[in-house]
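> Give me coordinates for this.
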Amino acid sequence: QVQLVQSGGGLVEAGGSLRLSCVASGTILSINTWIWYRQVLGKERELVADITSEGSTNYADSVKGRFTISRDDAKKTAYLEMNSLKPEDTAVYYCSTDWILFRDPEMGVRKAVDYFGQGTQVTVSS
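So this is what the prediction gives:
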């Protein structure tokens, strides 16, 4: 099976930086688009950034110029570098993929869609 395991996050002062990582585990054959979301309790989930398999990136207007999404396909990992953090960036951040091809030992090649990491809290103090 497939799992997305996140690391990074924590508490930082405004203006500081953090780096989030997300590793896909399992017998992964291919990962299409990586996506980072964030959610504040009581609010809707917000797309922060995404990166396609070709390396094209997309950012929410609120993070453009401050956040950078990247991927390392050899390591099956996505990153979110967050700089110049603001208190309004405080949220739980989730990594996700639109689809992953993986090999199941019993069922062969399968496609997993809309997988999410466990979430990580980012808190920016003013």
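> ok, then the element right after the worst-scoring helix or strand of the chain on mean pLDDT?
Least confident helix or strand of the chain, by mean pLDDT, DSSP states H and E, is strand 108-116 with a mean of 90. Sequence-wise, the next helix or strand downstream of strand 108-116 (DSSP states H and E) is strand 120-125.
> List of residues touching that next one?
Strand 120-125 is touched from outside by 6-14, 16, 18, 20, 38, 82, 85-94, with contacts defined as Cβ atoms under 8 Å, 6 or more residues apart in numbering. Any C-beta I mention is one placed from the backbone N, CA and C, and that applies to glycine too.
> Name the residue closest to the centre of this structure, please.
The chain has residue 95 as the residue nearest its centroid, 2.8 Å off, counting by Cα atoms, centre = their mean.
> Now do the same contact list for it.
For residue 95, the contact set (Cβ under 8 Å, 6+ apart) comprises 4, 6, 20, 22, 34-37, 78, 80, 116-117.
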